[in-house]
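K.L.:
Sharing a model prediction with you, sequence too.
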Amino acid sequence: MSDKVNFGIWCDFRNPEPWAVPYEPFYRDALDQIAAAEGMGFDSVWLTEHHYCDDGYTPSPLVIAAAIASRTEKMRIGTNLIVLPVHDPIRLAEDAATLSILSGGRFDLGVGIGYRQMEFDQAGRQLKHRPSLIEESIEILRRAWTGEPINFSGKRFEIGDIRVTPAPPNPPKIFIGGMAPPAIDRAARIGDGFLSTGGLGHDDYVASLASNNTADDQAGIYAGCWAIIAADPEAEAARLGDYILYQSNEYISWGAFGPPEETPLFDDAKSAIENGLYELWDADMAVEKLSAMIETYPQIKDIHFWSRFPGESIESGTQRLSYIASEVLPRLR
């Protein structure tokens with residue numbers, strides 16, 4: 001039923017205390033996990049980005065993407081997502097073009113507007129300028145990948161008669177993520193697809209496609225799924241409780257779900273699971289839920305699952321991926 005939908009994994013390379021391990025073997029093992037996931041039948045791998053994080057949250061996803069390209073053959077490689085307003089769009093255009101060439105056209109660039117004040121401060125950018133920063137950057141990226149002179153003049157950037165070379169034969173698609181209505185509308189208006197989080201925003205995106213008269217072939221939902229899928233999902237969630245609580249509260253404290261001073265932290269893992277984005281599914285429930293989502297939203301092109309939770313061992317995360325690959329994906333396909 002879903003032969004046109006890719007299923008993938010989502011990696012953040014977080015290595016928090018008190019579970020931290022040395023980074024060199026950690027990165028090596030994570031790359032091994034991604035290569036193994038391709039062998040299991042996963043179609044895509046998605047990387048995310050933040051900066052200046054104590055737990056090492058991926059600061060350089062395109063470098064990691066290049067390493068993944070050398071270890072895989074068919075997997076699509078994407079970002080879900082990078083914080084576009086803190087980047088130099090020309091430097092990013094060059095890196096993404098190079099990555100597209102290295103990967104044989106398997107790379108897609110997912111971007112978001114960002115929300116962490118310190119990331120903007122360090123980049124010399126202002127949060128209030130985020131809409132113009134992201135929209136102008138997307139226009140510059142697209143012009144850059146044509147190989148023609150860019151010649152752009154906007155509120156935030158002035159780019160002269162320069163060309164980005166080599167131009168990628170297969171320019172990356174640009175997907176836009178977000179949870180607020182303006183971000184979702186932006187994805188429908190100027191994006192090549194929408195990066196959703198935990199199933200949020202699908203109805204708004206479909207409505208925005210219609211209001212923006214976006215053609216069907218320009219629409220796409222690339223869904224980050226937060227479900228915990230295991231033979232005994234309740235027991236799995238209990239085992240992962242400390243990692244889940246850590247993940248939830250870090251995102252809250254950074255402002256991912258609204259102003260941190262207005263969004264209380266979860267007291268325990270049980271409340272994080274019950275009131276957060278997580279769902280607990282065994283294989284039957286996963287097939288039922290995902291099938292219904294794909295049927296309801298034919299715009300869905302990709303669904304991807306966390307490869308591991310922050311602090312969880314890679315071996316533990318791989319066991320869950322193996323269960324999804326053997327018990328869920330064949331039934332969806």
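P.N.:
Structure received. Numbering: from 1, shown residues only.
K.L.:
quick one: the helices in this protein?
P.N.:
23-40, 61-71, 89-102, 117-123, 130-144, 181-190, 202-211, 233-239, 241-254, 269-275, 283-296, 314-327, 329-332 (DSSP state H).
K.L.:
Who are the contact partners of the nearest residue to residue 37 once chain neighbours are set aside?
P.N.:
Closest residue to residue 37 apart from its sequence neighbours, by C-beta to C-beta, 6 or more residues apart in numbering: residue 9 at 5.1 Å. C-beta coordinates here come from the backbone N, C-alpha and C atoms, glycine included. Residue 9 sits next to 34, 37, 42, 44, 45, 46, 304, 305, 306, 307, 321 when contact means C-beta atoms under 8 Å, 6 or more residues apart in numbering.
K.L.:
Okay, and which of the residues you listed map to strands?
P.N.:
Counting by DSSP state E, the contacts of residue 9 place 44, 45, 46, 304, 305, 306 in strands.
K.L.:
Could you dump those into CSV and include distance to residue 74, neighbour count and pLDDT?
P.N.:
Shown next, in CSV, are the ones in strands among the contacts of residue 9 (distance: C-beta to C-beta, whole Å; neighbours: other C-beta atoms under 10 Å; pLDDT from 0 to 100):
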residue, distance to residue 74, neighbour count, pLDDT
44, 10, 24, 98
45, 11, 28, 99
46, 15, 28, 98
304, 15, 23, 98
305, 18, 24, 98
306, 21, 22, 98
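K.L.:
Dump those residues to TSV, plus distance to residue 113.
P.N.:
What follows is these, written out as TSV (distance: C-beta to C-beta, whole Å):
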residue	distance to residue 113
44	23
45	23
46	18
304	20
305	24
306	22
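K.L.:
show me the contacts for residue 282.
P.N.:
229, 230, 231, 232, 233.
K.L.:
what about 6 Å?
P.N.:
residue 233 (C-beta atoms under 6 Å, 6 or more residues apart in numbering).
K.L.:
repeat for the one 4 residues further on
P.N.:
Residues touching residue 286, when contacts are defined by C-beta under 6 Å, 6+ apart, comprise 229, 328.
K.L.:
at 8 Å instead, please
P.N.:
227, 229, 324, 328.
K.L.:
what does residue 47 give?
P.N.:
11, 12, 13, 58, 61, 64, 65, 68, 77, 78, 79, 80.
K.L.:
What's opposite the residue nearest to the fifth one when sequence neighbours are not counted in the beta bridge?
P.N.:
Counting by C-beta to C-beta, 6+ apart, residue 47 is the residue found nearest to residue 61 once chain neighbours are left out, at 3.9 Å. According to DSSP bridges, residue 11, residue 79 are recorded as the beta-bridge partners of residue 47.
K.L.:
Model confidence for the residue positioned nearest the centre of the chain, exactly?
P.N.:
For the chain, the residue nearest the mean C-alpha position is residue 80 (1.6 Å; C-alpha atoms, centre = their mean). The per-residue pLDDT reported for residue 80 equals 98.
K.L.:
If anything else comes up later, I'll come back, but that's it for now.
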